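A.B. asks: just a sequence and a predicted model for now, questions to come.
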Amino acid sequence: MVSIMKLIKTNDLPLQPATADIVFRICYDADNWGLISKYSKRFLKAGVKLRKITFDTWMEFAVKRGDTQSLWEIENLRSKLFEVHSLKSGFSCAKGFLLERKPDNAAAMIQVLDQRVAVTSELSVSVIGVDLLMLIMLKTVVVDTELAGYLFFGIETLPEEKQKEVVAELQKLVGDWRSEVVKCQKVEDQKALDAALTADIQAMMNHLLNLGMAFNKEWMTT
């Protein structure tokens, strides 16, 4: 990857959003924060409009390291391009709040994500969908708005599936992420962080229960 990026620079080739997707993912998988920091500056300097999936990877990497300063800097960049959080970026922010000992804020973020996917799912316009929409408009037929979304648009995933994704991300937060972020800290800081996250995740889960979110309560004992 490094050699490819050098080749792009040597030949003065334009950087593309798709290239950023690949580069950021490779850096994440290689656990190379220094490299993703280096190349992110290069892409931003070139004026490349990073896609949601790229921000997802970048933010996940930052929060996995427990680096809240970088996380909020990336979130600031993301929010200038996209008003609405993806599931991944939203959960990264929730984790950032937990690292800052703000479990209520973390719960509020997750509740927003949960409520959003309960109503609708990400939609992408299809050619057939546009034709159907025009037909309905011409006939002035009144239909349920959510059902209309299902009829008129090609849906990435159904709301029920999105709901499962929220629960899956929550389960990973409670289990895998906590252990990952603790391991990334200095040995002398690990015990204190583990205790803080255990307490704050418990508080966050209790808050989610009070807000009416459904999940497996056995996670709270892990």
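C.D. replies: Received, thanks. Residues are numbered from 1 along each chain as shown.
A.B. asks: buried ones in the lengthiest helix in the chain, by neighbour count?
C.D. replies: Longest helix of the chain, by residue count under DSSP state H: helix 187-210. For helix 187-210, the neighbour count (16 or more other Cβ atoms under 10 Å) marks 193, 194, 197, 200, 201, 203, 204, 205, 207, 208 as buried. Placement of C-beta: from N, CA and C, glycine included.
A.B. asks: the closest residue to the fifth one other than its chain neighbours and residue 18, how far apart?
C.D. replies: If I follow you right, that is residue 201. Closest residue in space to residue 201, ignoring its immediate chain neighbours: residue 174 at 5.9 Å, by Cβ to Cβ, 6 or more residues apart in numbering. Residue 174 sits 33 Å away from residue 18, going by Cβ to Cβ, to the nearest Å.
A.B. asks: strands of the protein, start to end?
C.D. replies: 123-125, 153-155 (DSSP state E).
A.B. asks: burial count for the residue nearest to residue 201?
C.D. replies: For residue 174, the neighbour count with other Cβ atoms under 10 Å is 21.
A.B. asks: doesn't residue 202 make contact with it?
C.D. replies: No - taking contacts as Cβ atoms under 8 Å, residue 174 lies outside contact range of residue 202: 9.4 Å.
A.B. asks: before we move on, the earlier item: return the per-residue confidence for the residue nearest to residue 201.
C.D. replies: Note on residue 174: pLDDT of 91.
A.B. asks: over to the one 4 residues further on?
C.D. replies: Confidence per residue is given as pLDDT, and for residue 178 that number is 93.
A.B. asks: tell me the contacts of it?
C.D. replies: Contact analysis of residue 178 by Cβ atoms under 8 Å, 6 or more residues apart in numbering lists 194, 197, 198, 201.
A.B. asks: again with residue 181
C.D. replies: Here residue 181 is in contact with 63, 64, 65, 66, 95, 99, 193, 197 (criterion: Cβ under 8 Å, 6+ apart).
A.B. asks: and the closest residue in space to the second one that isn't next to it in sequence, how many neighbours?
C.D. replies: This means residue 64. Nearest non-adjacent residue to residue 64, counting by Cβ to Cβ, 6+ apart: residue 180, 5.4 Å away. Neighbour count of residue 180, defined by other Cβ under 10 Å: 14.
A.B. asks: what are the phi and psi angles of residue 46?
C.D. replies: phi -80, psi 0 (degrees, to the nearest 10).
A.B. asks: ok, for it, nearest residue in space, not its chain neighbours?
C.D. replies: residue 15 (4.7 Å).
A.B. asks: just to check, the one you found is in contact with residue 43?
C.D. replies: Yes - using Cβ under 8 Å, residue 15 is in contact with residue 43, at 5.6 Å.
A.B. asks: and the residue nearest the centre of the chain, what does it touch?
C.D. replies: Ranked by distance to the mean C-alpha position of the chain (Cα atoms, centre = their mean), the top residue is residue 88 at 1.5 Å. Taking Cβ under 8 Å, 6+ apart, we find residue 88 in contact with 56, 59, 60, 169.
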